[in-house]
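> quick one: sequence and predicted model below, then my questions.
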Amino acid sequence: HLLSSITVDLLEHASYSSHHCTPSSNLLARLLFSTMSSTTDNANQAIQMANMAKSANEAANRVSEAIPEEAKSYMRTAKEKILDSDNLRSFSEFTGIGEPNSSFNVTLNPTVLCPRLKHNLFFFYLNYILLAAVIFVITLLATMLNPLTLIVIVALAAAWFVIIKATTEDLKFGPLTITRKTASFLMMIISGIVAFFTVKDTFFVTLGTGSALSLIHAIFRDSSKLKLGETTDDNQEPLEQEMA
């Protein structure tokens, strides 16, 4: 409101100057008016974006409040336990470097292979997640360097710029009125769909490559001497007991 008041005063000053002041004064008044008008538009845009962010935050808070506290506590505990950095094995443990016997071997005996798979999946699960994350980042960077992807990103940025500028005031198409909030919501949906189809191969590559490498490691890595759990009387509890 203050900016609008200042702009009106400048407009009146410009009108007065056009009749009573020199051309240089008129030019100065017009420049000041143009600057203040642009500042007012930018301020209004910032206010609208802040209101949208506030609405989204309020919606997220309502969803969070609807979740029972017991469920929240359970999810927090599970997250802390699953993503505990203590469960991330060292590189030497993951690769078996430094072990006296061969850390990788082939076996077709189900009585040996099945327990090995189960133990490795529990013991190295965080390493497998990290491996998938590394593959995802590398694949995503390769995708972003693709000229087609760069064109799509530039096109989306240009579309957002046009939408924001075009909806400074509500757009009317007959009986239909499109506000900036509505246009931004539609652009978010369109951007999400375009982004998914642009980088969908990244998810497939990550899922396929990460799963294959993790499975190969779990099959061939002999980690039977590595146990997960606290030491009690020089005996370590297996992973299943700790997870229970």
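It's in.

> got a list of what residue 157 touches?
By CB atoms under 8 Å, 6 or more residues apart in numbering, residue 157 lies in contact with nothing. Yep, even glycine has a C-beta here, placed from its N, CA and C like the rest.

> check the gap between it and residue 145 for me.
Using CB to CB, to the nearest Å, we find residue 157 at a distance of 17 Å from residue 145.

> can you check residue 59 too?
The value you get for residue 59 to residue 145, if CB to CB is used, is 36 Å.

> residues near the nearest residue to residue 203 once chain neighbours are set aside, how many?
The shortest distance from residue 203 to any residue other than its chain neighbours is 7.8 Å, reached at residue 136 (CB to CB, 6 or more residues apart in numbering). When neighbours are defined as other CB atoms under 10 Å, residue 136 has 18 of them.

> cool, residue 202 as well?
If you count neighbours by other CB under 10 Å, residue 202 ends up with 19.

> same question for the host helix or strand of it, mean pLDDT?
Using DSSP states H and E, the element containing residue 202 is helix 180-220. Helix 180-220 shows a mean pLDDT of 89.

> other SSEs contacting it?
Packing partners of helix 180-220 (3 or more CB pairs under 8 Å, 6 or more residues apart in numbering; DSSP states H and E): helix 23-66, helix 110-123, helix 125-144, helix 147-166.

> for residue 187, give its distance to residue 180.
Taking CB to CB, one finds residue 187 at 10 Å from residue 180.

> and if you look at residue 199?
27 Å.

> those two: who's more crowded?
Shown here are residue 199 and residue 180; by other CB under 10 Å, residue 180 has more neighbours (21 against 18).

> just give the nearest non-adjacent residue to that one, would you?
Distance criterion CB to CB, 6+ apart; nearest residue to residue 180, sequence neighbours excluded, is residue 167 at 3.9 Å.

> check residue 93 too.
residue 226 (6.3 Å).

> confirm that neighbour sits in a strand?
No. Checked against DSSP: H, G, I helix; E, B strand; the rest coil, residue 226 lies outside a strand; its state is coil.
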